[in-house]
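Chemist: Requesting a structural model of the entry that follows:
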Amino acid sequence: FGNRVTTTSLIAPHDSLAVRLEAEVETLLENPFAYAALPAAQEARWLEDALGAEPRLLDFLVHRSDSVPDLRGVAGAPVPPLRDARAGVVAAMQETMAWAAATFRYETGATDVHAPLETFLGKGAGVCQDFAHLLVAAARDLGIPARYVVGYLDPGYAGEEEAEPAEAATHAWAE
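Modeler: Numbering: from 1, shown residues only. Have a look, this model is predicted:
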């Protein structure tokens, strides 16, 4: 999907591994969230134009896998809410996220890293990667391009409301 990927392999047994990463993020706006939202009635046309101008973005709309299946084709799967044509993309995804939170439990150990989304749907429980895959699949079913993102939670970035700092851990979300 156009991302640069660096890999390494460790053949010999080891007790620990430290990975250090330095990155620079560029945005086109001083505040990337300071944009005027389109009226919901204009979003479909804008999206169609954007996909036509940059066809590789279609991967974020049509690609399917065991992790991101077409939910309508998964037998017995709970069905996410349908998109109200009058509501915008943000409203549709907020409704989908609320549905996911009400329908599934966050439960450590319910799935493993290689479990297909069907396992999460069947158990009704999983972890962040399962919720992220579900939201990507639901967004694509609604005609909204989406992708799976994985990274690390920074233990030094605990919010004031947290009683104790979080441990460093991988995390997944939908974009």
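Chemist: Just confirm Phe120 is within a strand.
Modeler: No. Applying DSSP: H, G, I helix; E, B strand; the rest coil, one finds Phe120 to be helix, outside a strand.
Chemist: ok, now how distant is it from Thr111?
Modeler: From Phe120 across to Thr111, the span is 5 Å (CB to CB, to the nearest Å). No exception for glycine: its C-beta is placed from N, CA and C like everyone else's.
Chemist: isn't there a helix covering Val68?
Modeler: No. Counting by three-state DSSP, Val68 is not part of a helix but coil.
Chemist: where does this structure have low pLDDT?
Modeler: By pLDDT under 70, the low-scoring segments of the chain are 1-3, 32, 154-168.
Chemist: wait, doesn't Pro81 sit right on Trp99?
Modeler: Yes. Applying CB atoms under 8 Å, one finds Pro81 in contact with Trp99, separated by 5.4 Å.
Chemist: When those two are compared, which one has more neighbours?
Modeler: Taking other CB atoms under 10 Å, Pro81 and Trp99 do not tie; Trp99 has more neighbours (17 against 12).
Chemist: got the contact list for that one?
Modeler: For Trp99, the contact set (CB atoms under 8 Å, 6 or more residues apart in numbering) comprises 80-81.
Chemist: Wasn't it part of a helix?
Modeler: Yes. Per three-state DSSP, Trp99 lies within a helix segment.
Chemist: Leu61 in helix, strand or coil?
Modeler: helix.
Chemist: what's around Gly122, how many residues?
Modeler: Number of residues near Gly122 (other CB under 10 Å) recorded here: 15.
Chemist: Can you tell me how far it is from Val90?
Modeler: Separation of Gly122 from Val90 (CB to CB): 30 Å.
Chemist: and if you look at Arg105?
Modeler: Distance from Arg105 to Val90, by CB to CB: 25 Å.
Chemist: tell me which element His171 falls in.
Modeler: Assigned by DSSP states H and E, His171 belongs to strand 169-174.
Chemist: Just checking: what are the partner strands of that strand?
Modeler: strand 148-153 (antiparallel) (DSSP bridges).
Chemist: Might one say that Arg83 is in contact with Ala92?
Modeler: Yes. Shown here, Arg83 and Ala92 form a contact pair, counting by CB under 8 Å, at 4.5 Å.
Chemist: Having no further points to raise, I will conclude here.
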